[in-house]
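Novice: Provide a 3D model corresponding to the input given below.
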Amino acid sequence: MPVRSSDVFADIVSKLDNDSNAFVAKLVNAQNSGDLPVAMGPRLREFPGQWRSKFTNVTGDRQAMPLIVEIGCHTGHTLCDMAERHPEALFVGVDITFKRVIHTAERARERGLKNIFVILANAGGLSQLFQDGEVDGFVTFFPDPWVKKKHAHYRLYSEVFCSTVYRQLSRSGFLWLKTDQEPYFQTACEYAKSAGFCETASLPVFADGDFSSLFLRRFELKNLPWYGRKWTKFDA
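Specialist: Presented below is the predicted three-dimensional model:
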């Protein structure tokens, strides 16, 4: 059940029948009980500017830890790999379905990862979720390309998205894209350049290497091409 509203603070659950979808009820209960590091809807109003304080089980100086956001975390495989390899950073997974949010949070718990928080939200409302300069990196691996021309307005990458991400990133912040669609890739690169991003070969947090994903492994097994680009923000 995907969330289509770009108003990330909307109370969508009150309009749903919790009994008709086990993951709806599970997410509601997990948020209320604190059993899983998840949040959605009106609860997210308290998060912008306060994200690092939400990682209550992390030891050390949370305010000094990099905050990395994966948009479209799916079921959390890549997010958990990143968090496990980099315990010195905090990770936020964003997805639009109840099922994926629950699976991601449960996977993080199973692997004993305390530096992950997962939220149910549509990336169209990204401007509501973080304060300017609060995030240190955005990861976008294989966002839905919406290949049909009539669906292009649903794509994640746009002028608005790139300019929003640019504002919300810290001075050394980065944006990382992987996609299997070359036309989408070329358009995304144009939007990123227009927003002020500069290409880079390495990223400050992920200097130790790359990360795969379920989608990437599928493409590689079939010998299909994919395209990737890393950008860094540079303020004057």
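Novice: for this structure, where's the lowest mean pLDDT among helices and strands?
Specialist: helix 214-221 (a mean of 77; mean pLDDT, DSSP states H and E).
Novice: show me how far that helix is from its chain's centre.
Specialist: 20 Å (CA atoms, centre = their mean, to the nearest Å).
Novice: contacts for whichever helix or strand comes after it?
Specialist: Downstream of helix 214-221, the next assigned helix or strand under DSSP states H and E is strand 227-232. Residues from elsewhere that reach strand 227-232, judged by CB atoms under 8 Å, 6 or more residues apart in numbering: 172-182, 185, 188-189, 192, 197-204. From N, CA and C alone the C-beta is placed, and that goes for glycine too.
Novice: low-confidence ranges in this protein?
Specialist: For the chain, applying pLDDT under 70 flags the ranges 1, 15-20, 235-236.
Novice: quick one: the helices in it, in order.
Specialist: 22-33, 77-85, 98-110, 159-168, 182-195, 214-221 (DSSP state H).
Novice: buried ones in the first one?
Specialist: So that's helix 22-33. 23, 24, 25, 26, 27, 28, 30, 31 (16 or more other CB atoms under 10 Å).
Novice: separation between the fourth one and residue 75?
Specialist: When distance is defined by CB to CB, to the nearest Å, residue 26 is 14 Å away from residue 75.
Novice: same check, this time on the first one
Specialist: From residue 23 over to residue 75 the distance is 12 Å, taken as CB to CB.
Novice: kindly report the same for residue 134.
Specialist: The value you get for residue 134 to residue 75, if CB to CB is used, is 26 Å.
Novice: how about residue 67?
Specialist: Applying CB to CB to residue 67 and residue 75 gives a distance of 22 Å.
Novice: if you count what's nearby, which of the two comes out ahead?
Specialist: The neighbour comparison of residue 67 against residue 75 (other CB atoms under 10 Å) goes to residue 67, with 23 against 19.
Novice: and that one, how far from residue 51?
Specialist: 6 Å.
Novice: cool, residue 138 as well?
Specialist: Taking CB to CB, one finds residue 138 at 13 Å from residue 51.
Novice: neighbour count winner among these two?
Specialist: Comparing residue 138 with residue 51 by other CB under 10 Å, the one with more neighbours is residue 138, at 27 against 19.
Novice: quick check: the more buried one touching residue 167?
Specialist: No - taking contacts as CB atoms under 8 Å, residue 138 lies outside contact range of residue 167: 11.6 Å.
Novice: residue contacts, the closest residue to residue 52 other than its chain neighbours?
Specialist: Computed as CB to CB, 6 or more residues apart in numbering, the closest residue to residue 52 that is not its neighbour in sequence is residue 62, at 4.4 Å. With contact taken as CB under 8 Å, 6+ apart, residue 62 is in contact with 52, 53, 55, 90.
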